[in-house]
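Asks: starting from these lines, generate the structure:
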Amino acid sequence: GPAAPVLPAASTVSVATGSTVSAANITPNMSRRDKFMLIYNAAVAAGDPMPALSAAQSMFETGFLTSELSLKANNPYGQTGRGDAGYYDYRNASENTKWALYSSYNAAVKHHVKRWSTKTPQGNPGYATYDNPMDAMRGIIENYAPAKDANNHAHYLGGVEAILKEMGFDPNAPEKPQVP
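Replies: You can find the predicted model right below:
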């Protein structure tokens with residue numbers, strides 16, 4: 001069978017696993033791996049069945065936590081709707097879209113897991129119902145990033161897959177959550 005996922009190399013993030021993290025924890029010289037691990041650890045703490053996939057999605061969505069939504073709204077996925085801290089006025093997007101404002105990355109990740117893991121908001125199977133991260137991403141992509149909204153599925157899937165590989169995960173092997 002496929003090899004077990006390789007645990008990513010030790011991170012230099014000084015934030016303890018299980019602690020609450022937010023944009024305030026991002027430092028100017030923080031590595032891509034350290035940013036990935038902030039979200040990965042928040043996903044593990046939230047009971048995410050595929051924390052590496054969730055972290056890779058976040059890194060792809062936000063340019064490794066550099067987006068306005070990530071830095072000013074603690075929104076590491078570009079999630080819409082109401083966050084636990086209300087709404088964020090994101091002027092770079094459709095004025096009809098309400099963007100979620102979160103108190104922390106942990107709150108955003110917890111909401112992401114609740115909203116997408118078991119079933120999508122559209123009622124289709126969620127990412128946790130698939131065998132591995134890439135099958136999961138392919139399974140939810142049309143609900144998660146609709147083509148009608150000018151999302152390029154091949155680009156999205158390739159980006160998430162490349163991030164998983166960069167971080168030491170086999171994107172096509174069953175993901176077993178690991179505490180780094």
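
Asks: okay, CA-based contacts and neighbour counts for the rest of this
Replies: OK.

Asks: by contact count, what packs against the helix or strand where His111 lies?
Replies: For His111, the host element (DSSP states H and E) is helix 105-116. For helix 105-116, the elements it packs on are helix 32-45, judged by 3 or more Cα pairs under 8 Å, 6 or more residues apart in numbering; DSSP states H and E.

Asks: check which residues of the helix it packs on are buried.
Replies: The neighbour-count check on helix 32-45 (16 or more other Cα atoms under 10 Å) flags 33-45 as buried.

Asks: what's the angle from that helix to helix 105-116?
Replies: 60 degrees (axes from the mean of the first three to the mean of the last three Cα atoms, to 10 degrees).

Asks: adding pLDDT, write the buried residues of helix 32-45 out as JSON lines.
Replies: Converted to JSON lines, the buried residues of helix 32-45 look like this (pLDDT from 0 to 100):
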{"residue": "Arg33", "pLDDT": "96"}
{"residue": "Asp34", "pLDDT": "96"}
{"residue": "Lys35", "pLDDT": "97"}
{"residue": "Phe36", "pLDDT": "97"}
{"residue": "Met37", "pLDDT": "95"}
{"residue": "Leu38", "pLDDT": "95"}
{"residue": "Ile39", "pLDDT": "96"}
{"residue": "Tyr40", "pLDDT": "95"}
{"residue": "Asn41", "pLDDT": "94"}
{"residue": "Ala42", "pLDDT": "95"}
{"residue": "Ala43", "pLDDT": "95"}
{"residue": "Val44", "pLDDT": "93"}
{"residue": "Ala45", "pLDDT": "93"}
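
Asks: about what we covered before: after the helix holding His111, next one along is what?
Replies: Next element after helix 105-116 (DSSP H and E): helix 133-144.

Asks: pLDDT of stretch 104-116, averaged?
Replies: Taken as a whole, stretch 104-116 has an average pLDDT of 96.

Asks: whoops, stretch 139-147 was the one
Replies: Across stretch 139-147, the average pLDDT comes to 92.

Asks: flag the shaky bits of this structure, pLDDT-wise.
Replies: For the chain, residues meeting the criterion pLDDT under 70 lie at 1-18, 92-95, 176-180.

Asks: if you set the cut-off to 90 instead, what comes out?
Replies: By pLDDT under 90, the low-scoring segments of the chain are 1-19, 28, 80, 89-98, 145-151, 174-180.

Asks: residues in contact with the closest residue to Glu161 other than its chain neighbours?
Replies: Spatial nearest neighbour of Glu161, excluding adjacent residues (Cα to Cα, 6 or more residues apart in numbering): Pro171 at 6.0 Å. Pro171 sits next to 132-134, 161, 164-165 when contact means Cα atoms under 8 Å, 6 or more residues apart in numbering.
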